[in-house]
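Asker: quick one, fold the following:
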Amino acid sequence: MKYRELKPDEYGLLKLFTYEAIFIPEGSEPPDRSITEQPELSLYYDGFGSGPADLCMAAEDNGTIAGVAWTRSMDDYGHVDDGIPSLAISLIREYRGKGIGTKLLGKLLDQLKHNGYGRVSLSVQKENYAVRMYEHAGFRTISENDEEFIMVCALN
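Answerer: A predicted model of the protein is given here:
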């Protein structure tokens with residue numbers, strides 16, 4: 001597995017990975033792929049690369065992008081403040097549970113620190129097994145509702 005920045009000509013993949021990032025509880029039917037066209041999801045990929053907090057690390061397996069972790073300054077589910085980028089991470093199903101997401105997250109957090117960001121936020125469904133990964137990476141819950149946690153990681 002090779003870890004690298006996502007190239008500008010690959011930014012179109014973020015639409016696919018936005019869909020793959022949707023948490024589907026056990027026994028639930030996945031939504032139609034057109035759900036990513038909704039404004040609250042298209043903001044994760046539409047115009048990516050145009051903002052200073054638009055950073056993306058990719059995990060590449062023999063030429064296939066297996067997963068990505070990316071940030072943007074956006075008013076998404078995990079938004080806490082305009083100066084704090086929001087993070088998303090997504091892996092193709094067959095690559096999950098192998099430590100790839102943990103490595104991707106670490107690479108992205110390092111890149112954020114290098115670029116001078118002090119914090120990053122995210123939203124995660126309470127049932128999502130990734131909650132433990134985020135906690136191990138230093139994310140702490142700052143608020144929650146019935147379904148999800150809003151978490152922030154201090155990068156310094």
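Asker: all strands for this protein, in order.
Answerer: Secondary structure of the chain (DSSP state E): strands at 2-5, 55-61, 64-72, 86-91, 119-125, 139-144, 148-154.
Asker: mind listing what's buried in the fifth one?
Answerer: By neighbour count on 16 or more other CB atoms under 10 Å, the buried set for strand 119-125 is 120-125. No exception for glycine: its C-beta is placed from N, CA and C like everyone else's.
Asker: present the strands of the chain as JSON lines; the columns should include distance to Ile22.
Answerer: Listed next are the strands of the chain as JSON lines, based on distance: least, CB to CB, whole Å:
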{"stretch": "strand 2-5", "distance to Ile22": "23"}
{"stretch": "strand 55-61", "distance to Ile22": "18"}
{"stretch": "strand 64-72", "distance to Ile22": "14"}
{"stretch": "strand 86-91", "distance to Ile22": "9"}
{"stretch": "strand 119-125", "distance to Ile22": "9"}
{"stretch": "strand 139-144", "distance to Ile22": "19"}
{"stretch": "strand 148-154", "distance to Ile22": "12"}
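Asker: tell me which of the ones you listed lies nearest to Gly27.
Answerer: Smallest distance to Gly27 across the strands of the chain (CB to CB): 14.3 Å, for strand 119-125.
Asker: helices of this protein, start to end?
Answerer: Using DSSP state H, the helices of the chain run over residues 13-20, 39-42, 100-114, 130-136.
Asker: one step back: adding mean pLDDT and distance to Lys113, write the strands of the chain out as JSON lines.
Answerer: Shown next, in JSON lines, are those (pLDDT from 0 to 100; distance: least, CB to CB, whole Å):
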{"stretch": "strand 2-5", "mean pLDDT": "97", "distance to Lys113": "15"}
{"stretch": "strand 55-61", "mean pLDDT": "98", "distance to Lys113": "11"}
{"stretch": "strand 64-72", "mean pLDDT": "97", "distance to Lys113": "12"}
{"stretch": "strand 86-91", "mean pLDDT": "96", "distance to Lys113": "13"}
{"stretch": "strand 119-125", "mean pLDDT": "96", "distance to Lys113": "10"}
{"stretch": "strand 139-144", "mean pLDDT": "97", "distance to Lys113": "14"}
{"stretch": "strand 148-154", "mean pLDDT": "97", "distance to Lys113": "10"}
